[in-house]
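**Student:** Let me see the structure of the following:
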Amino acid sequence: MRRTSVTPLERIRELQLILSKNKEAHYQENSNVSSLQTVYSSEGSYGRERNVSAGELPPCAATSEPPWSQPYFLWSRSYQDRTTAKAAFAMVSRFPVCLLISLPVLLVEGSLSSATPPPNPPPPPVDDPTWALGLRLYQALRSDSSSVNTLFSPLLVASSLGALGAGAAGTTGSQFQDLLKNPSSSKASAQTGELLSTALKSFIEANATAFHMHTSSAVFSKQAPPVSQAFVKDNKAKFRLQHQPLGKGGSKADLKQLHDWAKDSLGGLEAAPLEAELQVNTGALILANALCFKGLWEREFSDDSVDRRTFLGKKYTKVLMMYRAGLYRHYEDIENMVQVLEAPLWGGKASVVFLLPFHVENLARLDKLLTLELLSKWLGKTNTTSVAISLPRANISSKLSLQKQLLALGLTDAWDQKVADFSGVSGGSKGKLHLSGVLHWASLELAPQAGKEEADLEEENIEKPKMFYADHPFIIFVRDNTTGALLLMGALDHAEGEALHDEL
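**Tutor:** Numbers count the residues shown, from 1 in each chain. Here you go, the predicted structure:
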């Protein structure tokens, strides 16, 4: 439970933190800062020069952390801490000598007693089909330089493709199996189907507790042979895949029906319109997925710790940044210059994972760097530590047509009406059904809210937090902590807000 009063031991911890800051600030204040230096402004701007006079410290001077990670609310308190140092010394002198002598022991004991054993980690990405397909699709999408704010659900895409592939035969069926096969795993396709079904069930059960989610998957058919009711019933139970016949109208009517379905599946959120060039011919099958997601943090970002800052993306924009200091799983890969942060959602059933480059840069380098092995290594090396987090309040929305990317990944026969074999979908007839589109709508909201029962959590012991200042592009994942499945994967290249000027 949260504490309502401050104990003497807690007061000593506060004083020790003030004294530590004062000592460091005193050292920095007496260093040579009179020359012309390249510093970062409080906005996080990269590579600006300013004249630092003898009495003016740069925003990052009072800490040893990288300057691009210094939010205003942290460094602006250094002067206040220095001016209260004498009062802190006076207060310490009034404590009994025996208590001061035992201070180090008490602090160690307090730190140990407040620690909670970490939960069992989820399976690593290297063993999961959603991570394998998700990473391949992500890199195929990001190879297009015009791709901005990419977002999709590997779990929904893999599940719907797996369901349709179960109704395919011959080389068409083999290509579906190869697409969903994890090169690092020896699990059979039947096991893959069970894994996907279990992961979907796990996410549905966590809805309204760890997050708010609206989602739907469907296969649309256009004047096709009757779809097998056994196929519909089996895949609705396993993968929540529904069958929706398209009307007899023309292309405009088909596009409107698909758009209306997407809007309804997103919980009423306006869906991005479809391109008019989408062709829906007789016998066409269209896979569609839609997901609207808002995570509920295990611990809330404070309402009074939100201010407007600059997000240094493809366009520089003014956005609301939210802050929180707490205990999080964190890892820094010095060689690859990336921070890894895992932020739990309420109840520990799911987590949001951020990959943030050390410096302000676009994500091209990091996109190419990603492999299943490297992601497994990063997540395996995260440790629970004190972290001061700064995140933009942002919405990432995306509408994707995945035909080009799936063709590049080897799914070729399914699109050709002459060779596609979906006899398991139609109950035996071959040669009429073919895949015409794989559409995906997704939306993710980053907001400060936590779950309803946050007040029941134990108080955190935060000491010398590391900085995670996400004022520039980053990659984001949402994964299930029970099965390890990847629900969402995407990138924030641009945050909506008042535009300043183009940079990246």
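**Student:** Measure how buried Glu498 is and give me the count.
**Tutor:** 10 (other C-beta atoms under 10 Å). C-beta: built from backbone N, CA, C; applies to glycine.
**Student:** Past the one helix or strand Leu164 maps to, which element shows up next along the chain?
**Tutor:** Using DSSP states H and E, Leu164 sits in helix 154-166. For helix 154-166, the succeeding helix or strand toward the C-terminus, using DSSP H and E, is helix 170-180.
**Student:** buried residues in the helix or strand just after that next one?
**Tutor:** Remark: after helix 170-180, the chain's next helix or strand is helix 189-206, criterion DSSP H and E. Using 16 or more other C-beta atoms under 10 Å as the test for burial, helix 189-206 gives 189, 192-193, 195-197, 199-200, 202-203, 206.
**Student:** Now do helix 189-206 against helix 170-180, angle only.
**Tutor:** 50 degrees (axes from the mean of the first three to the mean of the last three C-alpha atoms, to 10 degrees).
**Student:** and the next element down the chain from helix 189-206?
**Tutor:** strand 211-222.
**Student:** Distance from the chain centre to the following helix or strand past that next one, please.
**Tutor:** Per DSSP H and E, the first helix or strand lying C-terminal to strand 211-222 is helix 229-239. Distance of helix 229-239 from its chain centroid, counting by C-alpha atoms, centre = their mean, to the nearest Å, is 31 Å.
**Student:** In terms of secondary structure, what does helix 229-239 contact?
**Tutor:** The contact analysis (3 or more C-beta pairs under 8 Å, 6 or more residues apart in numbering; DSSP states H and E) places helix 229-239 against helix 154-166, helix 189-206, strand 241-246.
**Student:** outside of stretch 278-288, which residues touch it?
**Tutor:** Stretch 278-288 is contacted from outside by 160-161, 164, 217-225, 246, 251, 254-255, 258, 261-262, 401, 417, 422, 425, 432-441, using C-beta atoms under 8 Å, 6 or more residues apart in numbering.
**Student:** Report the rounded mean pLDDT for stretch 244-259.
**Tutor:** For stretch 244-259, mean pLDDT is 89.
**Student:** Can you get me the start-to-end distance on that stretch?
**Tutor:** 13 Å (C-alpha to C-alpha, to the nearest Å).
**Student:** same question, stretch 247-256
**Tutor:** 11 Å.
**Student:** re earlier: output the helix holding Leu164 in CSV with nothing but the alpha carbons.
**Tutor:** Extracted in CSV, the C-alpha atoms of helix 154-166 (Å, rounded to 0.1, in the frame of the first residue of the first chain):
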residue,chain,number,x,y,z
PRO,A,154,1.8,-9.6,-36.2
LEU,A,155,-0.5,-11.8,-34.1
LEU,A,156,-3.6,-10.9,-36.1
VAL,A,157,-1.8,-11.1,-39.5
ALA,A,158,-0.3,-14.5,-38.6
SER,A,159,-3.6,-15.9,-37.2
SER,A,160,-5.7,-14.8,-40.2
LEU,A,161,-3.0,-16.1,-42.7
GLY,A,162,-2.8,-19.3,-40.8
ALA,A,163,-6.5,-19.8,-40.8
LEU,A,164,-6.7,-19.2,-44.6
GLY,A,165,-3.7,-21.3,-45.2
ALA,A,166,-5.4,-24.2,-43.4
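**Student:** Thanks a lot, catch you later.
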